[in-house]
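J.: Fold the stuff below for me.
(one chain, ligands or ions: 1)
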Amino acid sequence: MTQSADALQSSRNALLAIGLRLSGFVPGIRLFLTLQAALALGSAILIVGQSYLLAQIIARVFIGRQKPEQVFSLLLWLLVLMLLRISIPWLNEILAGHMAVRAKALVREKLLKHLLLRGPAQLKTEQSGELLHTLSSGVESLDAYFTQVLPQLCTALTVPIIVLATVLLTDIPSGLILLVTLPLLPIFMILIGKQSEQVTRQRWQELAQMSAHFLDVLQGNTTLKLFGRSTAQRLIVRQVSERFGHLTMQVLRIAFLSALTMEMGTTLSIAVVAVEVGIRLLSAQLLFAPALLVLLLAPEFYQPLRALGPQFHASLESAAGLQRIFALLDTPLACRNEREAGQELRPPIQSLQFAKVHYSYPGTNRSAALVDASFQAHTGQIVAIIGASGAGKSTLAHLLLRFAEPRQGTISLDGHASSTIPLEQWRKLFAWQPQHPWIFNMSIAENIAMGCPRASRAEIIAAARKAGLHEMVNALPQGYDTPVGERGARLSGGQIQRLSLARALLKRAPILVLDEATSALDTASEAQVLETLKAWRPSHIILMITHRLQTIREADLILLLNEGRIVASGTHAELQQRSALYQQLWQASLSNLEVVL
Ligand SMILES: Nc1ncnc2c1ncn2[C@@H]1O[C@H](COP(=O)(O)OP(=O)(O)OP(=O)(O)O)[C@@H](O)[C@H]1O
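T.: This is a model prediction of the structure:
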C-alpha cells in the first residue's frame, strides 16, 4: 500500500511538475486549468441532474402510474441537460486544441532559440536526428497533454466527488461502497502504469536514436555506398527497428493489462452496488426513485477514472517527450544569455582585443584548445590567423563570435568586455563566413539575404558581385531565383563559399570573420575576393583564418597558432625574420607542396 501511495504520488508529481514548468513560459495555463475545472464541474452537475430527472421520470411513469403529459416538463428539462452535456466535450476540444497549438508554438520557439544560443561548438555534442525528433514529436506530445491528459484529469478529480456527494445524500450505504472502492482503481492503474513509465521512456529514447541513425545514414549515403558499408547499416537499422517494435509491444501489453484491470475493477464495483441496492429495494429499505438514481450514478462515478487509464498512458508518452525538452532547455549555455541587460555598443568599432584568453571544450580531458591568447586589432587592419590543423584557429573565431565564453581572460570591443554586452547586440557587429557554410533550401537571393533580410535585390546583386558570384548566377535561367537544393546541393564547393561570402558582406557589420573563405576557389576567383577585402579594409576589421599563406602576405597582423598558443605574431616580413616555423610554412606554400597545416 505504501508502494502504491508512492507511485500515485510520483505520477501526480510528474504531471504537476510538467504543468508548473510549462506555466513558466506558456501564459494562460492557469486560466486554461480554471476553465477546464469549471467545465468538469459543469459536467458533474449535468450528470447528476440528468440522472435525477431520468430516475424521477421512470419512477413516476412506471411506479406512480403518471401519464406522459404529466412528466412532459421533466422530459423537456432532461432534453436540455442532455444537450448541454453533449456541448461540454465540444467546448473542451476547442479550448484544449487552442491551448495545445499555442503551447506547441511557444515551446518550439523557446527550444529552437535555446539551441541556436548554444552555438555550433556546443551543438556538435548533440545528434541532429535526435534533436529533430525532440523538436517534432517531443513538442507534438503536448497535444496529448492538453487535449487528453489535462481535461481527463480535471474530470477525474471533479465528477467522482460530486457524484459521490449526491449518492451519499441519497443513500449512505451505497455512498460508502463507492467511497471504499474509489482509491483502488487509480492505485491499480498507477501501479501498472509505473511499470510502463520506464518502458515508455526507453521507447522514446530508442525512437530518438533511430531517427538520429536514419538521418546519419541518409546524409552519409554516398560514403556508405562507396565504402560498401550500406548493408551493415541496413542491419543496424533493422536491429534498432526490432528493438523498438519489441518495446512498443511491451507498452501495448501493459496498456491492455491496465485497461482490463480497470474494466474488471469498475464492473465488479458497480455489481456490488447493484446487488446491495437490489437487496435493500426488495426488503423495502430503499424507495424505487433513489435506488434507480444510485444505479444510474454508479457507472458515472467510475467512468472518468476508467477513461483516465488510456490517458495515463498518453501522459507517460507526453512526459517522456517533455522531459527531454526540459533537459535540453536546462543545458547551461556556453555563452551569456541574450536577455541579460548590458551596455549599448554600436558601429563604428575601432578596436578588438583578446587579453589572456583561455578556453577548453567541456567534457574533454585534452589540453586547452586556446591558451593565453592576447592580441589587438584595429579598424583598417586585416588580421590573418594561421596554424596547423587543430591549432585552435576556429576556436578563436568561435570565442570572438561568442558561441562559447572564455574560461579565463577577456575579449573586448573598444574596451568593452564581451560579458557586459548583450549577446544579440554583440553578434550584430560581426559578419561570419564559416568553414562549412550552411546553405538553405531556398533561392540564391534568399540565401544571400540571410545576411540582411531587408536588403533590396540591387543590394543582393552588389554583394554577389563583390563575392565574385554574379556572373555565374546571371548565367542561370532563373538567375537569383534559382533554388539551390538542400544544403546547396546544386552548387559547387566554390560557389557555396562565394554565396556565403556574399551573405557575410551583405550584413555590413564592422568586423568580418572569414574561416577558410577562399579554400575552394580557383586562383582568379581568390584574387577577386582578396581585391574586395582590400576595398573593405579601411572601414572594417577583417579576420581571416587560412591555410593558404599567399593570401595573407599583405595582412597587417599575422597570428601563428600552435597547439592553442599564439607562438608568433607580426607582419609577413617580421615573421619571415623572427619565426622559423613561419619560414618553414612559407617555403612549403611557395613550393606549392601539399602541406597539411
Ligand atoms: N566541439 C568540440 N569539442 C571538443 N573539442 C573540440 C571541439 N571543437 C574543436 N575541438 C578541439 O579543439 C582543438 C582546436 O580545434 P579548432 O577547430 O579550433 O582547430 P583549427 O585550428 O580551426 O583546425 P582546422 O584548421 O582543421 O579547422 C582541436 O584539438 C579540436 O579537436
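
J.: Now for the nearest residue in space to residue 351 that is not next to it in sequence: which residues touch it?
T.: Nearest non-adjacent residue to residue 351, counting by CB to CB, 6 or more residues apart in numbering: residue 378, 4.9 Å away. C-beta: built from backbone N, CA, C; applies to glycine. Counting by CB atoms under 8 Å, 6 or more residues apart in numbering, residue 378 touches 350, 351, 541.

J.: Which secondary structure state does residue 354 sit in?
T.: For residue 354, the assignment made with DSSP: H, G, I helix; E, B strand; the rest coil gives strand.

J.: in this structure, what residue sits furthest out from the centroid?
T.: Note on the chain: the largest C-alpha distance from the chain mean falls to residue 65, namely 65.5 Å (CA atoms, centre = their mean).

J.: Excluding chain neighbours, what is closest to residue 108?
T.: Residue 108 sits nearest to residue 139 (CB to CB, 6+ apart), 4.9 Å away.

J.: Next: residue 286.
T.: In space, residue 286 comes closest to residue 280 once its chain neighbours are excluded; the distance is 4.3 Å by CB to CB, 6+ apart.

J.: The one you found against residue 294, yeah?
T.: No - under the contact definition of CB atoms under 8 Å, residue 280 does not touch residue 294, with a separation of 9.8 Å.

J.: you'd agree residue 566 is in a strand?
T.: Yes - assessed with three-state DSSP, residue 566 lies in a strand.

J.: So it sits against residue 370, correct?
T.: No - under the criterion of CB under 8 Å, residue 566 makes no contact with residue 370, lying 9.0 Å away.

J.: Of the two, which one has the most company?
T.: Between residue 566 and residue 370, residue 370 has the larger neighbour count (other CB atoms under 10 Å), namely 27 against 22.

J.: How about the residues of the protein by the ligand?
T.: The interface of the chain toward the ligand, taken as CB under 6 Å from any ligand atom, is made up of 121, 124, 361, 364, 369, 387, 389-395, 435.

J.: okay if I get these as JSON lines plus secondary structure, neighbour count and pLDDT?
T.: Converted to JSON lines, the residues of the chain next to the ligand look like this (DSSP: H, G, I helix; E, B strand; the rest coil; neighbours: other CB atoms under 10 Å; pLDDT from 0 to 100):
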{"residue": "121", "secondary structure": "helix", "neighbour count": "20", "pLDDT": "62"}
{"residue": "124", "secondary structure": "coil", "neighbour count": "9", "pLDDT": "64"}
{"residue": "361", "secondary structure": "coil", "neighbour count": "16", "pLDDT": "84"}
{"residue": "364", "secondary structure": "coil", "neighbour count": "9", "pLDDT": "71"}
{"residue": "369", "secondary structure": "coil", "neighbour count": "22", "pLDDT": "87"}
{"residue": "387", "secondary structure": "strand", "neighbour count": "24", "pLDDT": "88"}
{"residue": "389", "secondary structure": "coil", "neighbour count": "8", "pLDDT": "84"}
{"residue": "390", "secondary structure": "coil", "neighbour count": "13", "pLDDT": "86"}
{"residue": "391", "secondary structure": "coil", "neighbour count": "22", "pLDDT": "88"}
{"residue": "392", "secondary structure": "coil", "neighbour count": "24", "pLDDT": "89"}
{"residue": "393", "secondary structure": "helix", "neighbour count": "26", "pLDDT": "90"}
{"residue": "394", "secondary structure": "helix", "neighbour count": "19", "pLDDT": "89"}
{"residue": "395", "secondary structure": "helix", "neighbour count": "23", "pLDDT": "91"}
{"residue": "435", "secondary structure": "coil", "neighbour count": "16", "pLDDT": "82"}
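
J.: Let me have the residues you listed in a markdown table, adding distance to residue 512 as columns.
T.: Below are the residues of the chain next to the ligand laid out as a markdown table (distance: CB to CB, whole Å):
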| residue | distance to residue 512 |
| --- | --- |
| 121 | 20 |
| 124 | 24 |
| 361 | 25 |
| 364 | 30 |
| 369 | 23 |
| 387 | 20 |
| 389 | 23 |
| 390 | 24 |
| 391 | 21 |
| 392 | 20 |
| 393 | 15 |
| 394 | 16 |
| 395 | 18 |
| 435 | 15 |
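
J.: Return the closest of the residues you listed with respect to residue 42.
T.: Nearest to residue 42 among the residues of the chain next to the ligand: residue 124, at 52.6 Å, using CB to CB.

J.: Past the helix or strand bottoming out on mean pLDDT in the chain, which element shows up next along the chain?
T.: Within the chain, no helix or strand scores below helix 2-25, which has a mean of 60 by mean pLDDT, DSSP states H and E. Where DSSP states H and E defines the elements, the next helix or strand beyond helix 2-25 is helix 29-58.

J.: Would you report which members of the contacts of residue 378 are assigned to strands?
T.: Under the assignment DSSP state E, the contacts of residue 378 contribute 351, 541 to strands.
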